[in-house]
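Trainee: I'll drop the sequence and a predicted model, then ask my questions.
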Amino acid sequence: MDKTIYTITSKENENVFIHAMQGHFVTASSHLNYYVGTSDVKHNHDVSTEAAKILARYYHENNIEVDTVLCLYETQVLGAYLAHQLSRPTMLNPNPNNKIYVISPEYDSAGNIIYRDNIRKLVKDKNIIVLISAITTGRTVERAMESIEYYGGKVAGVSAVFSVLHYIGDVKVTTIFHKSDLPGYETYHANDCPYCKAGAPVEGVSNAYGYSMLDL
């Protein structure tokens with residue numbers, strides 16, 4: 001069954017946009033009434049560069065030092081552009097630290113994030129941004145933040161393309177799009193999902209890489 005796909009444009013920059021589709025979707029940790037698509041921000045050069053400018057502004061304006069960007073779930077392109085923006089001189093930061101590293105996590109068989117010896121030096125004693133495409137429950141980011149602390153790093157911030165949450169712990173989430181941009185957006189625990197209680201079938205499975213519709 002064809003479903004309507006909506007385009008949501010950033011209020012800060014008309015060249016930055018995401019897509020959304022209403023339905024009954026499940027993730028590893030929740031049920032959703034929208035699938036939020038961030039592929040253009042992650043993979044389209046023009047959109048990604050403009051999105052990076054939006055995310056970098058918070059760190060510039062608050063004079064937050066950043067050494068490393070930890071990219072979760074295919075956000076390496078956006079992370080590279082974010083690092084580029086953070087390393088450029090601005091009026092607020094005329095002499096930035098030009099050595100900003102961009103890394104991705106490795107997961108062991110239990111799903112824990114590990115850093116090999118050649119990458120560990122980019123985490124230990126570094127100020128790190130956790131970058132992710134979308135935040136719903138925040139559990140993925142929490143695990144990433146814990147891994148940074150285990151390896152002796154410091155979380156300088158959390159940035160997302162879309163986020164339901166404003167904070168994870170005491171760390172502010174800087175995001176381009178929020179749930180308020182999607183009227184009626186909700187996330188539910190599996191046991192409290194109103195669609196399931198009403199007997200509505202799951203229409204699709206989604207994760208940070210995309211979605212797969214189910215044959216109903």
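Mentor: It's in.
Trainee: what residue ranges in the chain score low on pLDDT?
Mentor: Low-confidence segments of the chain, defined by pLDDT under 70: 1-2, 90-98, 216.
Trainee: cutoff 80 now
Mentor: Along the chain, the parts satisfying pLDDT under 80 run over 1-2, 89-98, 208, 215-216.
Trainee: Double-check F25 against Y211; I have them as touching.
Mentor: Yes: F25 is within contact range of Y211, at 6.7 Å (criterion: Cβ atoms under 8 Å). In this view, the C-beta of every residue, glycine as well, is placed from N, C-alpha and C.
Trainee: quick one, which of those two is more surrounded?
Mentor: F25 (25 against 16; other Cβ atoms under 10 Å).
Trainee: how many neighbours does Y167 have?
Mentor: Other residues near Y167 number 11, with proximity taken as other Cβ under 10 Å.
Trainee: sec struct for the closest residue to it other than its chain neighbours, please.
Mentor: Using Cβ to Cβ, 6 or more residues apart in numbering and skipping residues adjacent in sequence, the residue nearest Y167 is V173, 6.2 Å away. Here V173 is recorded as strand under DSSP: H, G, I helix; E, B strand; the rest coil.
Trainee: residues contacting V173?
Mentor: Taking Cβ atoms under 8 Å, 6 or more residues apart in numbering, we find V173 in contact with I135, V158, S159, A160, S163, L165, H166, Y167.
Trainee: Is it correct that V123 is in contact with V69?
Mentor: No: V123 is beyond contact range of V69, at 11.5 Å (criterion: Cβ under 8 Å).
Trainee: Can you give me the neighbour number for Y6?
Mentor: 12.
Trainee: residues in contact with it?
Mentor: For Y6, the contact set (Cβ under 8 Å, 6+ apart) comprises H19, A20, M21.
Trainee: Is the residue nearest the centre of the chain within a helix or a strand, and which one?
Mentor: Of all residues in the chain, the one closest to the mean position by Cα atoms, centre = their mean is I132, 2.1 Å from it. In this assignment (DSSP states H and E), I132 forms part of strand 127-135.
Trainee: Alright, calling it a day.
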